[in-house]
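Student: after the sequence you'll find the predicted model.
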Amino acid sequence: MQDKIRNNFDLLKSISPFLSPFRKETSIVIALIPIIAFFQGVQPFLLKEALDRNNLDKNFFDNLNAALNINLPSNAIWFYPLLLGLSLFFLLVVRVLQNSLVQRVGQKFVFDIREKLFIHLQSLSIEFFEKNQVGKLLTRLTSDIESLSETFSSGLIGGLNDVISLIGIAIFMFFIDWRLTIAQLALIPILLLLTQVFEKIYRDANSDSRKALAQLNSSFQESLWGLQIIKLFGGESYLFGKFNKTNNEYIRANNKYIFADSAFSACIELIGLFGILLVLLITVLFSSEKTSLGSMVAFVGYSQQLFGPIRSLSEKFSTFQAGFTSAERIVSLLEQKPSLITTIDMSNNSTGNYQSLNNDSSELAVKFDKVFFKYDISSPDYILSDISIDLPRGKTLGIVGKTGSGKSTLIKLLCRFYDVTEGSISINGKSIKNINPAELRKKVLMIPQRSFLFSGSIKDNLLLNKTDFPLHKLEDIANQTGLIEVIKQAKNGFDTDLREGGVDLSIGQKQLISLTRSLIQDADILILDEATASLDTHTEALVTNAIKHIIRSGKTLIFIAHRINLVAECDQILVLDKGQIIESGAHEELLSNKHSQYSYLVELSNLV
């Protein structure tokens with residue numbers, strides 16, 4: 001998955017819909033910005049007035065004393081410090097209100113994006129996950145979203161605060177001394193030029209850092225999943241070397257980012273100090289009776305305030321660049337489209353006109369019509385070539401062949417994890433491209449060789465989306481599959497909690513749960529991919545009995561197996577080799593040819 005390079009404006013447009021539900025809160029936050037700027041900017045001005053004016057207008061105090069029925073002294077010693085204290089108090093109150101609103105919106109913003117990404121990932125095709133590492137996707141769901149939230153709360157709103165504060169400070173400065181103000185503002189173009197210079201350095205450095213972090217997370221995830229193999233083969237040193245290399249790449253990328261950030265901050269600091277020096281120099285060289293002590297003190301204060309927001313903006317600059325990099329990666333993920341699009345979707349731009357599998361009259365449950373397939377469309381070689389299969393309802397089909405012959409690929413096409421390159425696949429007489437994917441999943445169910453179990457109870461793993469499934473029916477199916485033996489041994493029966501991946505169960509026990517789960521889903525077509533592989537004799541007998549029960553129930557079954565004992569009882573058997581069907585027929589029919597590939601496989605399994 002390549003991240004498309006976009007300009008910042010396009011990224012803001014892509015992310016803005018996530019902020020639209022918070023217009024009211026965002027409007028309040030923005031409305032408070034000029035109020036904050038005013039209370040910030042008025043403080044040096046009040047300090048100037050306190051220094052320059054010993055007395056205030058006597059009429060003002062006479063009117064104030066009459067209104068409040070008090071007797072206040074008419075001097076500035078107490079009046080301006082009081083106003084200064086009030087401005088600080090109101091500034092604190094308004095900032096607390098603004099920050100609380102920003103954090104609330106920021107948290108909901110993160111929640112909505114993470115939820116949208118999670119739902120979007122569930123909609124993507126299996127092909128996408130086979131091409132992208134899980135660790136890298138997790139980085140986008142975690143640190144990239146947090147970085148984007150930081151950009152909104154601290155960067156965007158904080159940046160607006162800084163910009164409006166700059167404007168407010170400039171207005172107060174012009175009001176005091178326009179000459180000094182122009183001298184100070186003349187430094188801003190230099191800052192803008194520096195910003196332009198550092199923007200690309202920041203973006204590239206942050207992009208490299210994010211990619212390195214994603215690779216680091218991927219290495220963590222891979223090492224944890226493969227820990228058992230690592231220990232069995234003593235591969236700790238190899239894994240550490242691999243991890244250390246990735247970690248060093250992350251450190252190098254981060255150091256590049258930190259250097260750019262430090263260099264930019266140092267330049268801002270230097271320009272700020274030069275601004276204060278400029279004020280003092282102009283005051284000394286061009287001083288007149290118009291430049292008072294209060295004005296000079298106020299201007300030094302405003303210079304510090306002026307470069308405070310600029311310094312803050314420079315710090316937020318790195319936040320912005322990190323946020324834009326994260327936004328780029330998040331938008332790229334959201335723009336990923338499922339590689340499988342139904343024919344109806346393409347022609348009618350609709351998702352509601354699928355053909356139903358319920359209203360059908362076809363006698364064929366599954367039909368492959370001259371199917372060709374290759375994973376890479378640019379490759380000249382096909383993985384499957386000229387595959388034609390007619391499987392009637394309620395019949396069983398066995399698929400055998402050497403490793404790499406195309407058995408699992410054929411099943412992936414039937415489950416529509418991929419679309420065929422040429423030809424067509426039909427279920428109940430209807431092209432699977434025109435069937436609602438949700439309905440297809442209900443009708444066609446694959447039981448993989450390695451069953452995945454979620455953390456939670458055995459019951460939760462069995463029912464999945466069928467939470468209202470009656471307990472007595474669950475117990476009946478568990479009896480049929482032999483799972484009831486596992487349930488009786490479990491501490492809390494069906495309510496026994498399992499750890500992630502079902503690591504507290506044997507392979508056979510997990511396979512029994514997977515088989516029982518498939519019967520609960522009540523699919524019409526069941527696909528068993530090496531269902532009895534890696535099982536002990538006792539568990540294999542349980543699974544075999546469960547499969548025989550399924551056969552008697554009238555469901556359509558497809559077996560992929562290396563062991564011939566189950567396949568031998570199938571109504572039809574296909575032998576695959578190099579992506580082609582080289583033999584087909586019933587068990588006895590195929591055995592009649594002593595030189596057939598099937599006879600060779602049977603001989604290897606010692607069935608005859």
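Tutor: Alright, I've got the coordinates.
Student: which helix or strand contains residue 559?
Tutor: Using DSSP states H and E, residue 559 falls within strand 556-560.
Student: list of residues touching that strand?
Tutor: 365-366, 391, 393-400, 407-408, 411, 414, 524-531, 547, 550-551, 566-567, 570 (CB atoms under 8 Å, 6 or more residues apart in numbering). (Each C-beta comes from the backbone N, C-alpha and C, glycine too.)
Student: so which of those sit within strands?
Tutor: Using DSSP state E, 365-366, 391, 396-400, 525-529 are the members of the contacts of strand 556-560 that sit in strands.
Student: save these as a markdown table, and put in pLDDT and neighbour count too.
Tutor: Formatted as a markdown table, the ones in strands among the contacts of strand 556-560 follow (pLDDT from 0 to 100; neighbours: other CB atoms under 10 Å):
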| residue | pLDDT | neighbour count |
| --- | --- | --- |
| 365 | 82 | 25 |
| 366 | 89 | 22 |
| 391 | 90 | 22 |
| 396 | 89 | 21 |
| 397 | 91 | 24 |
| 398 | 90 | 24 |
| 399 | 90 | 25 |
| 400 | 89 | 26 |
| 525 | 88 | 22 |
| 526 | 88 | 24 |
| 527 | 89 | 24 |
| 528 | 85 | 26 |
| 529 | 82 | 19 |
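Student: farthest pair within these?
Tutor: 365 and 400 (19.9 Å; CB to CB).
Student: output the below-cut-off pLDDT ranges for the stretch 301-450 of the chain.
Tutor: 307-308, 311, 314-315, 317-318, 339-364 (pLDDT under 70).
Student: try it again at 50.
Tutor: Where the stretch 301-450 of the chain drops to pLDDT under 50, the residues are 342-351.
Student: ranges for the helices of it?
Tutor: 343-348, 407-414, 437-443 (DSSP state H, counting those that start in this stretch).
Student: so which of those helices is the most packed in?
Tutor: helix 407-414 (a mean of 21; mean count of other CB atoms under 10 Å).
Student: can I get the CA coordinates of it in PDB?
Tutor: Provided in PDB are the C-alpha atoms of helix 407-414 (Å, rounded to 0.1, in the frame of the first residue of the first chain):
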ATOM      1  CA  LYS A 407      -6.100 -26.700  -4.100                       C
ATOM      2  CA  SER A 408      -6.300 -23.800  -1.600                       C
ATOM      3  CA  THR A 409      -6.400 -21.200  -4.400                       C
ATOM      4  CA  LEU A 410      -9.400 -22.900  -5.900                       C
ATOM      5  CA  ILE A 411     -11.300 -22.700  -2.600                       C
ATOM      6  CA  LYS A 412     -10.300 -19.000  -2.100                       C
ATOM      7  CA  LEU A 413     -12.000 -18.300  -5.400                       C
ATOM      8  CA  LEU A 414     -15.200 -20.200  -4.400                       C
END
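Student: quick one: list the elements packing against that helix.
Tutor: Here helix 407-414 touches strand 364-373, strand 384-392, strand 396-401, strand 525-529, strand 556-560, going by 3 or more CB pairs under 8 Å, 6 or more residues apart in numbering; DSSP states H and E.
Student: in the second one, which residues are buried?
Tutor: Neighbour counts over strand 384-392 (16 or more other CB atoms under 10 Å) mark 384, 385, 387, 389, 391 as buried.
Student: and the contacts of it?
Tutor: Contacts of strand 384-392 (CB under 8 Å, 6+ apart): 363-373, 397, 406, 409-410, 413, 423, 556, 558, 572, 574, 579-581.
Student: mind giving me the PyMOL select for those residues, buried ones only?
Tutor: In PyMOL syntax, the buried subset of the contacts of strand 384-392 is picked out as below (16+ other CB under 10 Å):
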select buried, resi 364+365+366+367+368+371+373+397+406+409+410+413+423+556+558+572+574+579+581
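Student: if we can go back for a sec, the strand holding residue 559 pairs with which strands?
Tutor: Applying DSSP bridges to the sheet, strand 556-560 is found paired with strand 396-401 (parallel), strand 525-529 (parallel).
Student: what about it, distance to the chain center?
Tutor: Offset of strand 556-560 from its chain centre (CA atoms, centre = their mean, to the nearest Å): 36 Å.
Student: quick one: average pLDDT of that strand?
Tutor: Strand 556-560 carries an average pLDDT of 88.
Student: what about residue 402, neighbour count?
Tutor: Residue 402 has 14 neighbouring residues, counting by other CB atoms under 10 Å.
Student: brain fart, residue 487
Tutor: Neighbour count for residue 487, taken as other CB under 10 Å: 22.
Student: contacts only, for it.
Tutor: Here residue 487 is in contact with 458, 478, 493, 494 (CB under 8 Å, 6+ apart).
Student: state the distance from it to residue 396.
Tutor: Residue 487 is 28 Å from residue 396, where distance means CB to CB, to the nearest Å.
Student: now the two most distant members of the buried residues of strand 384-392.
Tutor: 385 and 391 (19.2 Å).
Student: please name the nearest non-neighbouring residue to residue 381.
Tutor: Distances taken as CB to CB, 6 or more residues apart in numbering place residue 374 nearest to residue 381, at 6.5 Å, with adjacent residues excluded.
Student: need the contact list for the one you found.
Tutor: So residue 374 contacts 381, 382, 383, 421 (CB under 8 Å, 6+ apart).
Student: if we use 10 Å, what do you get?
Tutor: The neighbours of residue 374, taking CB atoms under 10 Å, 6 or more residues apart in numbering as the test, are 380, 381, 382, 383, 384, 385, 409, 418, 420, 421, 422, 579.
Student: can you check residue 382 too?
Tutor: 371, 372, 373, 374, 375, 406, 421, 422, 578, 579, 580.
Student: what's the domain layout of this protein?
Tutor: Per automatic domain parsing, the domain ranges recorded for the chain read 8-334, 394-419+428-605.
Student: the bottom helix or strand of this structure by mean pLDDT?
Tutor: Among the helices and strands of the chain, helix 343-348 carries the lowest confidence by mean pLDDT, DSSP states H and E, at a mean of 44.
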